[in-house]
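> have a look at this fold, sequence not included:
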């Protein structure tokens, strides 16, 4: 039986409210205080690692320490209720996987963006799922319908983050609710039709999601 979108989101991010609010992994801006504050406010905060993996352990430890002293209710076991974002073209995959594997609490989500080759997203996705024992959910940011369809088939992400240029502030996330963000109905309908036919297992995680733009 396929979960509804609400069931999927509340299962993966059980401390969050509906509709889920997320802060994007903005490089040099989305540090532990911001990510922790968003998650403590019933949202999902992301750490913006960018290409510099050297900061990954310290940012994880800082977030874990803050949440240890002030835990978030309903957090699943062995999970840090914080996501992490990587700019894949410059990030060291092997180092990132090693840090995830050794972390006592696994980040709840990994937001992947800008690989040198789109095929590299498969390597990132498979590696993170293995090293986190499936605890870290995969979010992938794409910029075209073609890439969205390719990623949906090859990586089966838990969330697709759709980058568009149809809104003045740059990025919106549409999970088959694109019209909510000012995206044209034709794009919404096309994505809905294509994703429903090619990757129906994604629908439970793609509906009713929002994020702050950056």
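Alright, I've got the coordinates. All of these numbers come straight from a predicted model, not from anything done at the bench. Numbering: from 1, shown residues only.
> and the spatially most central residue of the chain, helix, strand or coil?
Taking CA atoms, centre = their mean as the criterion, residue 139 is the residue nearest the geometric centre of the chain, at 3.4 Å. At residue 139, secondary structure determined by DSSP: H, G, I helix; E, B strand; the rest coil is strand.
> which residues touch it?
Residue 139 is in contact with 83, 109-112, 157-161, counting by CB atoms under 8 Å, 6 or more residues apart in numbering. Bear in mind the C-beta positions are built from the backbone N, C-alpha and C, glycine included.
> now do 7 Å
Counting by CB atoms under 7 Å, 6 or more residues apart in numbering, residue 139 touches 109-112, 157-159, 161.
> again, but for residue 115
By CB under 7 Å, 6+ apart, the contact set of residue 115 is 88-89, 121.
> in helices only, show me those residues.
Judged by DSSP state H, helices contain the following of these: residue 121.
> now, of the contacts of residue 115, which are buried?
88, 121 (16 or more other CB atoms under 10 Å).
> sorry, back to before: what are the bridge partners for the residue nearest to the centre of the chain, then?
Judged by DSSP bridges, the bridge partners of residue 139 are residue 111, residue 159.
> all strands for this protein, in order.
With strands called from DSSP state E, the chain shows them at 22-23, 44-50, 79-87, 106-113, 137-142, 159-162.
> which among the ones you listed is found nearest to residue 16?
strand 44-50 (5.9 Å; CB to CB).
> got the contact list for that closest one?
Counting by CB under 7 Å, 6+ apart, 13, 16, 20, 22-32, 34-39, 55-56, 59, 63, 82-87, 91, 109, 111 sit against strand 44-50.
> try 8 Å
Here strand 44-50 has contacts from 13, 16, 20-32, 34-39, 55-56, 59-60, 63, 81-87, 90-91, 96, 107-109, 111, using CB under 8 Å, 6+ apart.
> how far away is the closest residue to residue 60 other than its chain neighbours from residue 136?
Computed as CB to CB, 6 or more residues apart in numbering, the closest residue to residue 60 that is not its neighbour in sequence is residue 103, at 5.9 Å. Separation of residue 103 from residue 136 (CB to CB, to the nearest Å): 9 Å.
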